[in-house]
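Trainee: predicted model and sequence follow; I will ask about them next.
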Amino acid sequence: MNRRRQKYTFMVIPDANRQVIRMQISAAWIITAAAMLAALMIAAFAAVILYGARQAEVSHLKRELAASSGQYEQIISEKERQIEDLQLEVAELSVQAKNIQKKMADLKELENEIKEITGIELPGTANPGSAPKTMALSAGASAGDDGGIGGEDLPLTDDYINWLLSSTQRQFTDLESRIEEIKPRLLRTKDAVLELQARLAVTPNIWPTESRRVTSDFGIRRDPFTKRARFHAGIDIGGNIGDPVYATADGKVTAAGRDSSHGNNIIISHGNGLQTRYSHLSKIIAEPGQTVKKGELIGLMGSTGRSTGPHLHYEIIKNGSQVDPMTYLQSTGKES
């Protein structure tokens with residue numbers, strides 16, 4: 001007999017007073033039901049295992065996501081710090097630009113003072129204009145400034161930083177053009193100062209003695225020997241025998257000797273038609289043909305030649321004619 005066709009009877013007895021319930025189920029159906037139950041159990045077990053694996057993967061992904069989020073937050077924090085540093089650098093550049101502008105203004109003022117002191121006037125700079133004005137930047141005080149600082153802690157906006165950056169760029173562009181403008185002017189001023197120095201070096205504008213006591217002026221006077229009106233070709237400076245006598249400008253000694261009128265005397269040529277003469281010396285130190293510098297010792301005061309006492313007779317000869325030495329010595333004055 002085929003087992004699949006066998007039938008099994010199941011009885012359900014509710015209680016003694018109720019009818020018994022009978023059910024017949026074939027063996028094939030039971031086998032099918034058991035197979036389905038086993039399949040369901042296997043599927044459920046597989047689902048549990050798969051769910052566990054998915055949960056582990058999800059947990060791993062969550063950990064990776066958390067780690068990545070931490071890294072991204074760190075990167076963002078670092079970028080924000082770098083942005084703040086750049087903002088501070090822009091602000092510091094703005095302060096530097098203002099400081100450089102001030103120094104440029106000071107430099108221009110110094111140039112004008114040099115011109116005023118030396119009397120130099122260069123073409124195109126007779127009335128120098130003021131430095132171009134630029135917008136002041138509120139970059140704040142630097143950390144090294146003295147004194148207290150404070151105020152509300154307000155974040156910098158992109159608009160302000162962009163404005164600050166563009167303003168600073170304009171300032172540096174302006175500074176570059178001003179530097180290019182002032183450089184040739186300073187070179188011209190330097191050349192003019194050097195030229196003036198060269199002219200001053202050969203201009204007899206210092207006193208030939210330490211004494212400033214003029215005992216006889218340039219021009220008409222009563223001759224100390226004949227008592228007649230005579231022309232005095234220089235000035236007499238009183239002093240003591242042996243007092244130092246100095247060259248009043250750079251030049252070359254063209255004569256150094258003695259004659260009856262001037263006694264021991266020296267003549268120095270300074271170029272540009274100028275000569276100086278130092279008379280009545282007790283001793284001649286400079287020698288003919290010697291090149292001397294302004295302020296260099298050339299002799300000692302005396303009373304040789306036609307003289308009534310110790311003094312220096314000092315002449316300035318311009319283009320062959322004597323001129324008043326005091327016109328060259330006005331800035332230093334004289335003793336009465």
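Mentor: Perfect, thanks for sending it. Residues are numbered from 1 along each chain as shown.

Trainee: and the helices in the stretch 151-300 of the chain?
Mentor: Per DSSP state H, counting those that start in this stretch, the stretch 151-300 of the chain carries helices over the ranges 158-201.

Trainee: residue ranges with poor pLDDT in it?
Mentor: By pLDDT under 70, the weakly predicted segments of the stretch 151-300 of the chain are 151-154, 156, 176.

Trainee: my read is residue 98 is in a helix, agree?
Mentor: Yes - looking at residue 98 with DSSP: H, G, I helix; E, B strand; the rest coil, it is inside a helix.

Trainee: surely it touches residue 168?
Mentor: No - assessed by C-beta atoms under 8 Å, residue 98 is found out of contact with residue 168, at 9.3 Å. The C-beta positions use only the backbone N, C-alpha and C, and glycine is treated the same way.

Trainee: the two: who's more crowded?
Mentor: The neighbour comparison of residue 98 against residue 168 (other C-beta atoms under 10 Å) goes to residue 168, with 22 against 16.

Trainee: contacting residues for that one?
Mentor: When contacts are counted by C-beta atoms under 8 Å, 6 or more residues apart in numbering, residue 168 touches 90, 93, 94, 97, 137.

Trainee: quick one: which of the residues you listed sit in helices?
Mentor: When those are checked against helices (DSSP state H), the matches are 90, 93, 94, 97.

Trainee: now the third one: how far from residue 171?
Mentor: It refers to residue 94. Relative to residue 171, residue 94 is positioned 7 Å away (criterion: C-beta to C-beta, to the nearest Å).

Trainee: quick check: of the contacts of residue 168, which lies closest to residue 261?
Mentor: residue 97 (70.7 Å; C-beta to C-beta).

Trainee: report the beta-bridge partners for residue 257.
Mentor: Residue 257 has these beta-bridge partners by DSSP bridges: residue 265.

Trainee: pretty sure it sits against residue 265.
Mentor: Yes - applying C-beta under 8 Å, one finds residue 257 in contact with residue 265, separated by 7.2 Å.

Trainee: chain neighbours aside, what residue packs nearest to the spatially most central residue of the chain?
Mentor: Note on the chain: the residue nearest the mean C-alpha position is residue 100, at 5.7 Å, using C-alpha atoms, centre = their mean. What sits nearest to residue 100 in space, not counting adjacent residues and going by C-beta to C-beta, 6 or more residues apart in numbering, is residue 175, at 5.7 Å.

Trainee: buried stuff in stretch 198-205?
Mentor: 203, 204, 205 (16 or more other C-beta atoms under 10 Å).

Trainee: check contacts around the first one.
Mentor: Contacts for residue 203 were tallied using C-beta under 8 Å, 6+ apart; they are 249, 270, 274, 328.

Trainee: same deal with the second one?
Mentor: Contact analysis of residue 204 by C-beta under 8 Å, 6+ apart lists 248, 249, 270, 274, 276, 316, 325, 328.

Trainee: what's the closest of the residues you listed to residue 40?
Mentor: Among the contacts of residue 204, residue 249 lies closest to residue 40 (C-beta to C-beta), at 126.8 Å.

Trainee: hang on, residue 325 packs against residue 233?
Mentor: No - contact criterion C-beta under 8 Å: residue 325 and residue 233 do not qualify, at 9.9 Å.

Trainee: who has more neighbours, the two?
Mentor: It is residue 325, of residue 325 and residue 233, that has more neighbours when counted by other C-beta under 10 Å, with 23 against 18.

Trainee: not counting its neighbours along the chain, what's nearest that one?
Mentor: residue 316 (4.7 Å).

Trainee: show residues contacting the helix or strand in which the one you found is found.
Mentor: Assigned by DSSP states H and E, residue 316 belongs to strand 311-318. Residues outside strand 311-318 that contact it (C-beta under 8 Å, 6+ apart): 204, 208-209, 215, 233-239, 243, 245, 248, 262, 273-281, 301, 303, 307, 322-325, 328.

Trainee: residues near residue 17, how many?
Mentor: So residue 17, with other C-beta under 10 Å, has 5 neighbours.

Trainee: make that residue 74, sorry
Mentor: Neighbour tally, residue 74, other C-beta under 10 Å: 10.

Trainee: is it in a helix, a strand, or coil?
Mentor: Following three-state DSSP, residue 74 is assigned to helix.
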